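In: Fold the following and give me the result.
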Amino acid sequence: MNNIFDTHCHYDDRWFDEDRREVLDRVLGGGSVVSFVNHAATDYDSALFGIENAKRYKNFYTSVGFHPEFASVLPDDWEEKLNELYELAKETGKLTAIGEIGLDYHYEGYDREKEIEVFEKQLDFAGEKDLPVIVHSRDAAQDTLDLLRKHGSRGVIHCFSGSAEVARQAIDMGFYIGFTGVLAFNNAKKALRALEVVPMDRLVLETDCPYMAPPPFRGQRCESTMIAEVVKVVAAQKGLTEQEVCDTTCANAKRLYGIK
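Out: Residues are numbered from 1 along each chain as shown. Sure thing, here's the model as predicted:
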């Protein structure tokens, strides 16, 4: 198995503080099953991390954007900072998307009105720059779909946790669906039902590492190579070989992110 594209990872997370460089060298080095990774930025410093490593590694790509959990604490000049990050990332030739952006209604205390405001402004920014968006949607499926439709956005719903019907609606709008190690969990019935309705040309794979390591790595820090376990599940459900799944989802990711 080879040619894996991890479309959404967070190697800036503190879980990698002790050995980050060693992990990236191994994951992105020769002989790895991983061919490409895309760093999903969550704030200003996270985006700078992505830009730095896009320069360091030939197969490391990055997005820029502000995660909904930070919506209520963004500085007044956050839109200027987003444009600054866009210009810096564009210089690397490795800018893939505006993200990770979206809505998160799971936790109480988040300012939903501010989340929506920041989300919409970033959707507009992505449209102006002709870039896809990486969408975080947690317990906010209908509002997310409504806003994506309103703004005519394109991109990927990452770490998909919605129903098969939500997946259908997103696909009808031209979106890709990103699945994580959740597909391999013992209680993955909902995710597997969603996978059934996602055509292979709209499917991409991700770890969202360091989170959600699939079996047999549950409880451990997740890394991009663990997507191999997700590939096995997709291959079994779609009636394909594991290499066919790798090749197809890698090609999908390149098309999604505009990588030649």
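In: Can you name the next helix or strand after the helix or strand containing E165?
Out: Assigned by DSSP states H and E, E165 falls within helix 164-172. Using DSSP H and E, the helix or strand that follows helix 164-172 towards the C-terminus is strand 176-179.
In: so what's L148 up against?
Out: L123, V133, V135, A170, M173, F175 (CB atoms under 8 Å, 6 or more residues apart in numbering). Quick note: C-beta positions are derived from backbone N, CA and C, even for glycine.
In: which phi and psi does the residue lying closest to R218 once chain neighbours are set aside have?
Out: Leaving out its chain neighbours, the residue that sits closest to R218 by CB to CB, 6 or more residues apart in numbering is F185, at 8.0 Å. Phi and psi for F185, reported as degrees, to the nearest 10, are phi -70, psi 160.
In: Give me the neighbour count for F185.
Out: Look at F185: counted by other CB atoms under 10 Å, it has 16 neighbours.
In: Look up how far P214 lies from it.
Out: 7 Å (CB to CB, to the nearest Å).
In: if we can go back for a sec, could I have the buried ones of the contacts of L148 as ChimeraX selection syntax?
Out: Selection of buried members from the contacts of L148 for ChimeraX, criterion 16 or more other CB atoms under 10 Å:
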select :123,133,135,170,175
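In: And the furthest pair within the contacts of L148?
Out: Among the contacts of L148, the pair separated by the greatest distance (CB to CB) is L123 and A170, at 14.5 Å.
In: For the stretch of helix or strand F36 belongs to, enumerate the helices and strands it packs against.
Out: Per DSSP H and E, F36 falls inside strand 34-39. Counting contacts by 3 or more CB pairs under 8 Å, 6 or more residues apart in numbering; DSSP states H and E, strand 34-39 packs against strand 4-9, helix 44-56, strand 60-64, helix 242-257.
In: Secondary structure element holding the residue sitting furthest away from the middle of the chain?
Out: Centroid-distance maximum for the chain: D76 at 26.4 Å, with CA atoms, centre = their mean. Using DSSP H and E, D76 falls within no helix or strand.
In: so what's L145 closest to, chain neighbours aside?
Out: Using CB to CB, 6+ apart, the closest residue to L145 is Q169 (5.6 Å).
In: From the chain's centroid, how far away is the helix holding E165?
Out: For helix 164-172, the separation from the chain centroid amounts to 17 Å (computed by CA atoms, centre = their mean, to the nearest Å).
In: Report the buried residues of that helix.
Out: Buried, per 16+ other CB under 10 Å, within helix 164-172: A164, V166, A167, Q169, A170, I171.
In: returning to what we had before: which among the contacts of L148 gets closest to H67?
Out: Of all the contacts of L148, H67 sits closest to V135, with 11.0 Å by CB to CB.
In: ok, now which ones touch that closest one?
Out: G99, E100, I101, G102, T144, L148, G155, V156, I157, H158, F175.
In: could you redo the last one with a cut-off of 6 Å?
Out: If a contact means CB atoms under 6 Å, 6 or more residues apart in numbering, then V135 has G102, I157 as its contacts.
In: Give me the distance between it and Y107.
Out: Per CB to CB, V135 is found 18 Å from Y107.
In: Can you list the low-confidence ranges for the stretch 51-200 of the chain?
Out: Under the criterion pLDDT under 70, no range of the stretch 51-200 of the chain is flagged.
In: ok, G31 - contacts?
Out: Residues near G31 by CB under 6 Å, 6+ apart: none.
In: any idea how far it lies from T225?
Out: 11 Å.
In: same question, T62
Out: Distance from T62 to T225, counting by CB to CB: 20 Å.
In: Which one's more surrounded, these two?
Out: Neighbour comparison, T62 and T225: the larger count goes to T62, with 28 against 19 (by other CB under 10 Å).
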